[in-house]
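> all I have is the shape, not the residue letters:
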């Protein structure tokens, strides 16, 4: 199963419509995860045209994103992999231990907020931030994440530059 992971799209200021390089990856997705700061539910509707979407609320998301169905945190299973999502995983120091305590059953925690791509394992949990495809801040590229999940094997994760 191919999962495309987005965060911090910041529509409509940064995301006017799905960028073409992001759309290329979305076309092959079985599931799309958005780790918050969508800023308008219209983005989630647009993404749902490609594949089913799960999203969490970010600190810049309004009532329309919550009404769309995005909770503050989410926990679910895909192909036997327990995934948790949250927008802000807090400071870098102690992050894996903090996420292990917050989501004790998770194999993988997806988060956003920092706009800094990250794939790190520690304290018995893997944490993954796809960065932002539209607001790279001090990063060299806008990025998304791609997770390949299959029953009985570890998650393959990639950070993909899209700008």
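Looks like it came in fine. This structure is a prediction, so every number in the text was calculated from the model and none was measured.
> after the helix or strand encompassing residue 54 comes which helix or strand?
Residue 54 belongs to strand 53-55 when assigned by DSSP states H and E. Following strand 53-55 in sequence order, the next helix or strand is helix 63-68 (DSSP H and E).
> that following helix - contacts with which helices or strands?
Judged by 3 or more Cβ pairs under 8 Å, 6 or more residues apart in numbering; DSSP states H and E, helix 63-68 is in contact with helix 41-48. Just so you know, the C-beta spots here come from the backbone N, C-alpha and C atoms, and that holds for glycine as well.
> report the buried residues of the helix it packs on.
Neighbour-count burial for helix 41-48 flags 41, 42, 43, 44, 46, 47 (criterion: 16 or more other Cβ atoms under 10 Å).
> now these as CSV including pLDDT and distance to residue 35?
Converted to CSV, the buried residues of helix 41-48 look like this (pLDDT from 0 to 100; distance: Cβ to Cβ, whole Å):
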residue, pLDDT, distance to residue 35
41, 97, 15
42, 96, 18
43, 96, 13
44, 97, 12
46, 96, 17
47, 98, 13
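> nearest to residue 135, of those?
Of all the buried residues of helix 41-48, residue 135 sits closest to residue 43, with 13.2 Å by Cβ to Cβ.
> and for the closest one, nearest residue in space, chain neighbours not counted?
Closest residue to residue 43 apart from its sequence neighbours, by Cβ to Cβ, 6 or more residues apart in numbering: residue 11 at 4.7 Å.
> and the one you found, what does it touch?
Taking Cβ atoms under 8 Å, 6 or more residues apart in numbering, we find residue 11 in contact with 38, 39, 40, 42, 43.
> would CSV of the residues you listed with distance to residue 90 be doable?
CSV is the format used below for the contacts of residue 11 (distance: Cβ to Cβ, whole Å):
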residue, distance to residue 90
38, 20
39, 21
40, 25
42, 29
43, 25
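> which one of those residues is nearest to residue 66?
Distances from residue 66 to the contacts of residue 11, taken by Cβ to Cβ, are shortest for residue 38, at 10.6 Å.
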